[in-house]
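Chemist: what follows is a protein structure lacking sequence information:
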């Protein structure tokens, strides 16, 4: 009677396991693949050469279009720097020509 009061024993698993956890020795099948939606194209169909050529042509068009847009964006920023660079190169060429004489 003089000893400490006994605490009720709670199973340790209550604290350390989450809901729906896979227990030791238990296997669960995993489905990591997304479900196919009705509008998704069938990936297993082989495109024709014509379709491939059309896709390639569209990619090249998009690439060229984005390149031109990028050029238009960068030109105002790069032009002054390129002009300064050109002047520096011309100065160096002039110095080298002076040395050669």
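Modeler: Arrived safely, thanks for sending. Note that the structure is predicted; figures quoted are calculated from it, not measured.

Chemist: helix or strand for residue 65, which one?
Modeler: helix 49-100 (DSSP states H and E).

Chemist: which helices and strands does that helix pack with?
Modeler: Helices and strands touching helix 49-100, as assessed by 3 or more CB pairs under 8 Å, 6 or more residues apart in numbering; DSSP states H and E, are absent. The C-beta positions use only the backbone N, C-alpha and C, and glycine is treated the same way.

Chemist: distance of residue 72 from residue 65?
Modeler: 11 Å (CB to CB, to the nearest Å).

Chemist: now do residue 32
Modeler: 37 Å.

Chemist: more neighbours: which of the two?
Modeler: residue 65 (10 against 4; other CB atoms under 10 Å).

Chemist: so where's the chain uncertain?
Modeler: 1-24, 34, 40-43 (pLDDT under 70).

Chemist: residue 48: how many residues sit nearby?
Modeler: Neighbour tally, residue 48, other CB under 10 Å: 9.

Chemist: same question for residue 84.
Modeler: For residue 84, using other CB under 10 Å, the count is 10.

Chemist: give the contact list for it.
Modeler: Listed by CB atoms under 8 Å, 6 or more residues apart in numbering, residue 84 has no contact partners.

Chemist: do residue 33 as well
Modeler: Counting by CB under 8 Å, 6+ apart, residue 33 has no contacts.

Chemist: for it, give its distance to residue 45.
Modeler: 18 Å.

Chemist: residue 71 too?
Modeler: On the measure of CB to CB, residue 71 and residue 45 end up 38 Å apart.
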